[in-house]
Structures are given as C-alpha cells and as structure tokens.
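one predicted model, sequence on top.
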Amino acid sequence: MTQIGKKAPAFSLANAQGQAVKLADFRGKKVVLYFYPKDDTPGCTKESCDFRDAQAPLKKAGAVVMGISPDSVESHQRFRDKFGLGFLLLADPEHLALEAYGVWKEKSMYGRKFMGVERSTFLIDEQGLLIEEWRKVKVEGHVEEVLASLGGKA
C-alpha cells in the first residue's frame, strides 16, 4: 500500500511497444501515475485525452505522465494510436502495480460485485517519494487538480 512521504512502490511493466519500463527509470523527474479501468471506454478516454491535452504544462512543471490499466500491450497500442496519446501506457494484466498501489478493489454495479480498478492518481517526486494521491477520481477537472499540485496551469 501507499503512504504519503514514503517511497512509491516499485514496478516494471510493459509499455505499448512491449518494452519493460521501471518507475526507477524516472528518478530525477516528477511522475504523474494514473490508474484507470479500461482502454477506449468513455471515462478512461476522457481522462487520458485530458492528460494528453495538458502535456505542455505538465512538462513545464517537470512531470512525466504514465497511465496503467490491466489491459494488454496490444490494447494500449490501439488506444494510444487512436487518440494520439503521447505518454506511456503500461500494461498490468497480472495486477502487480494495481495491487501494490491499492487500486485493485471490489466494486459493484447493478448489485453485481466484481474486481476492478479504482480510478486513482499518484504524484511521485524526483526522489521516488509519494507526495500526493487522489483516489476515486472524478474525471472532470482532475487534470487541473494535478496541475495545481505541480504549481502549473492548464
């Protein structure tokens, strides 16, 4: 599980090209790590496109963005290409990072219970420490909240 002020859980996951990406590769940069339920669904598409559209102020604030979902590398390739997402999408079909960050949860819809991703975002500093987290994220206005924490504007 995560705790503000503590080291963010390490991970190594495949990007949309199938190459391994480690959180440690980004030491020295701020990392906006967002977890989302599923590629190419309405809420996840809006959230991802909002991060895409905010790339300039995010970069100006010294941050890189990475999205993680349980979808496959191939699904991420299609999603990234369809919407022109210019940041990393990482595949976590075994739920390794999802569980390490405590976002793989029991959910319910129409009385049916199932396991899924609780939409969440984590801000990690240059030393790899967790400095802020947003859980049960509402997509509308979320990227602006992240930018405000970074001291930037959309």
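Now that the structure is in, tell me what you want to look at. Everything quoted here is computed from the prediction, not taken from an experiment.

let me know the average pLDDT across the helix or strand in which residue 68 is found.
Using DSSP states H and E, residue 68 maps to strand 63-69. For strand 63-69, the mean per-residue pLDDT is 96.

now swap in stretch 126-141 and tell me
Stretch 126-141 shows a mean pLDDT of 93.

contact partners of it?
Outside stretch 126-141, the residues that touch it by CB atoms under 8 Å, 6 or more residues apart in numbering are 2-8, 23-24, 27-30, 34, 43, 46-47, 50, 62, 103, 118-125, 142, 145-146, 149. Placement of C-beta: from N, CA and C, glycine included.

now with 7 Å, please.
2-8, 23, 27-30, 43, 46-47, 118-125, 142, 145, 149 (CB atoms under 7 Å, 6 or more residues apart in numbering).

buried members of the residues you listed into ChimeraX, please.
To isolate the buried members of these in ChimeraX, using 16 or more other CB atoms under 10 Å:
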select :2,8,23,30,47,118,119,120,121,122,123,124,125,142,149
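
hang on, the earlier thing: tell me the strands beside the strand holding residue 68, with direction?
strand 30-35 (parallel), strand 88-91 (parallel) (DSSP bridges).

dump the ones you listed to CSV, plus mean pLDDT.
Shown next, in CSV, are the strands paired with strand 63-69 (pLDDT from 0 to 100):
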stretch, mean pLDDT
strand 30-35, 96
strand 88-91, 96
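
of the ones you listed, which is nearest residue 12?
strand 88-91 (9.3 Å; CB to CB).

which residues does the closest one contact?
13-16, 21, 66-68, 71-73, 76, 79-80.

need the helix or strand of this structure with the lowest average pLDDT.
Least confident helix or strand, the chain: strand 104-109 with a mean of 85, by mean pLDDT, DSSP states H and E.

still on that earlier bit, tell me which of the contacts of stretch 126-141 fall in strands.
Among these, the ones falling in strands (DSSP state E) are 30, 120, 121, 122, 123, 124.
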